[in-house]
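>>> From the sequence below, what's the structure:
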Amino acid sequence: MKLSHIAHALNARLENASPETEITGVAGIEHARSGQLTFVSNPRYNAAAKTTQASAVIVPEDFPAISAGMLRSRNPYLAWAKAIELFYQPPRYAPGIHPTAVVHPTAKLGANAHLGPYVVIDADAIIGDNAVLLAHAVIYRGARIGNNFFAHAHAVVREFSHLGDNVLLQNGVIVGSDGFGFAKDDNGRWYKIVQSGKVVIEDDAELQANTCIDRASFGETRIGRGAKLDNLVQIGHSSTVGSDTLLCAQVGLAGSTDVGNNVILAGQVGVAGHCRIGDGAVASAQSGVPHDVPAGAMVSGYPAIDRKLWLRCCAAYAKLPEIAKAIRKLSPRE
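From the prediction side, this is the model:
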């Protein structure tokens, strides 16, 4: 593929290379070779751009000149994502139902569905057009799913869950498992609270491998439009996750947590129940959030506090032995 074609497809400005240069693929900046395309969006890789063997590099518009060809872009990371698509397309699945798939007579499937081996669709489930369900995916009774649904192997959508259009479930996702609700009886034993609510997942959401979304005891648990949930994320019952929010690996939300729009919770962040995380807030990795977080805040640590304050606390913590020693010297001796 010629660089001129790539530049046009990415809406990027080509510099320092012939438009006729042939590009055969993409690679990381430290491993790219002649004939390949790479990118820089993180300043830590600026030095590597000067020595890369790639034929061309996608760079920000103000990036300093380098010896390799440059595709200048306002959003190099997004341009890189689109560049990968020029050279790789995931497998496509032709419409058809495998002989081992089981579809209840009252279930409704839209046009062009692909059902792989041992897929099960229970009574009264409704799935829109262009669905792809790979091996062992299971849709419980009464589920409602929109168009362009894609479920990888062993994904499960439980009873009466509602999923919008363009929802993607990676392997092992469970949508609508029972919320963790129990009441103690007079004999000190746990009595299960029926989880009568449902899960709603809005359009364009993606849930990655082994993520679990609990159904509500009543009402609903909701995942907003365009939200992206990484592997092993746990969403407690009656929680809400806003639009375009990013929950990274092993994030856990206790029940009735309300996470706003465009929030980022980095890996292993835990949020206590009944907390509100405001729009645009960010919690760094392994933070513990036991209280509300205002919109736009950046927090770290446990209990989570303003990130800049937390960094100063970390610096002070490393000096605690010296501080303690100095205090002992100043303290009067008996």
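>>> where along this protein do the helices fall?
Secondary structure of the chain, counting by DSSP state H: helices at 3-10, 46-51, 76-87, 307-318, 320-330.
>>> Is it possible to get TSV of the ones you listed that adds distance to S300?
Heads up, the C-betas are built off the backbone N, CA and C, glycines and all. Output for the helices of the chain, formatted as TSV (distance: least, CB to CB, whole Å):
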stretch	distance to S300
helix 3-10	35
helix 46-51	26
helix 76-87	24
helix 307-318	4
helix 320-330	18
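>>> Rebuild those helices as a markdown table, extending it with distance to T24, mean neighbour count and mean pLDDT.
Converted to a markdown table, those look like this (distance: least, CB to CB, whole Å; neighbours: other CB atoms under 10 Å; pLDDT from 0 to 100):
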| stretch | distance to T24 | mean neighbour count | mean pLDDT |
| --- | --- | --- | --- |
| helix 3-10 | 11 | 18 | 96 |
| helix 46-51 | 20 | 14 | 91 |
| helix 76-87 | 8 | 17 | 96 |
| helix 307-318 | 43 | 12 | 90 |
| helix 320-330 | 56 | 9 | 86 |
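>>> so which of those gets nearest V199?
Smallest distance to V199 across these (CB to CB): 28.5 Å, for helix 76-87.
>>> tell me what that closest one is packed against?
Helices and strands touching helix 76-87, by 3 or more CB pairs under 8 Å, 6 or more residues apart in numbering; DSSP states H and E, are helix 3-10, strand 25-26, strand 36-39, strand 56-60.
>>> Next, the angle from that helix to strand 56-60.
In terms of direction (axes from the mean of the first three to the mean of the last three CA atoms, to 10 degrees), helix 76-87 departs from strand 56-60 by 150 degrees.
>>> TSV for the helices and strands packed on helix 76-87, including distance to G280?
Listed next are those as TSV, based on distance: least, CB to CB, whole Å:
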stretch	distance to G280
helix 3-10	28
strand 25-26	32
strand 36-39	26
strand 56-60	23
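>>> closest to I174 out of the ones you listed?
Set against I174 and scored by CB to CB, the helices and strands packed on helix 76-87 come closest in strand 25-26, at 33.8 Å.
>>> List of residues touching the closest one?
By CB atoms under 8 Å, 6 or more residues apart in numbering, the list of residues contacting strand 25-26 from outside reads 32, 35-38, 80, 83-84, 87.
>>> Distance check, Q195 against E202.
Using CB to CB, to the nearest Å, one gets 21 Å for the distance from Q195 to E202.
>>> ok, back up a step: who wins for proximity to S18 among the helices of the chain?
With CB to CB, the closest approach to S18 among those belongs to helix 3-10: 7.2 Å.
>>> Report all helices and strands that the closest one contacts.
Packing partners of helix 3-10 (3+ CB pairs under 8 Å, 6+ apart): strand 13-15, strand 56-60, strand 69-73, helix 76-87.
>>> change it to 7 Å
In terms of contacts (3 or more CB pairs under 7 Å, 6 or more residues apart in numbering; DSSP states H and E), helix 3-10 is packed against strand 13-15, strand 69-73, helix 76-87.
>>> between it and strand 56-60, what angle do the directions make?
Helix 3-10 and strand 56-60 are oriented at 30 degrees to each other (the same axes, to 10 degrees).
>>> what's next to helix 3-10, contact-wise?
By CB atoms under 7 Å, 6 or more residues apart in numbering, the residues outside helix 3-10 that reach it are 13-14, 17, 19, 21, 23, 37, 56, 69, 71, 73, 79, 82-83, 86.
>>> okay, it in PDB with CA atoms only?
C-alpha atoms of helix 3-10 as PDB (Å, rounded to 0.1, in the frame of the first residue of the first chain):
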ATOM      1  CA  LEU A   3       2.100   6.000   1.600                       C
ATOM      2  CA  SER A   4       0.000   8.500  -0.300                       C
ATOM      3  CA  HIS A   5      -3.000   6.200   0.100                       C
ATOM      4  CA  ILE A   6      -2.400   5.700   3.800                       C
ATOM      5  CA  ALA A   7      -2.000   9.500   4.300                       C
ATOM      6  CA  HIS A   8      -5.300  10.100   2.600                       C
ATOM      7  CA  ALA A   9      -7.100   7.300   4.600                       C
ATOM      8  CA  LEU A  10      -5.800   8.800   7.900                       C
END
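>>> Just give me how far it sits from the chain centre.
With CA atoms, centre = their mean, to the nearest Å as the basis, helix 3-10 stands 29 Å off its chain's centre.
>>> what do you get for stretch 260-270?
Worked out by CA atoms, centre = their mean, stretch 260-270 lies 10 Å from the chain centre.
>>> List the buried residues of that stretch.
Buried residues in stretch 260-270, defined by neighbour count with 16 or more other CB atoms under 10 Å: 260-267, 269-270.
>>> end to end, how far does that stretch reach?
Between the opening and closing residues of stretch 260-270 there is a gap of 15 Å (CA to CA, to the nearest Å).
>>> who wins for proximity to A27 among the helices of the chain?
Across these, A27 has its closest neighbour in helix 76-87 (10.2 Å, CB to CB).
>>> Perfect, that will be all.
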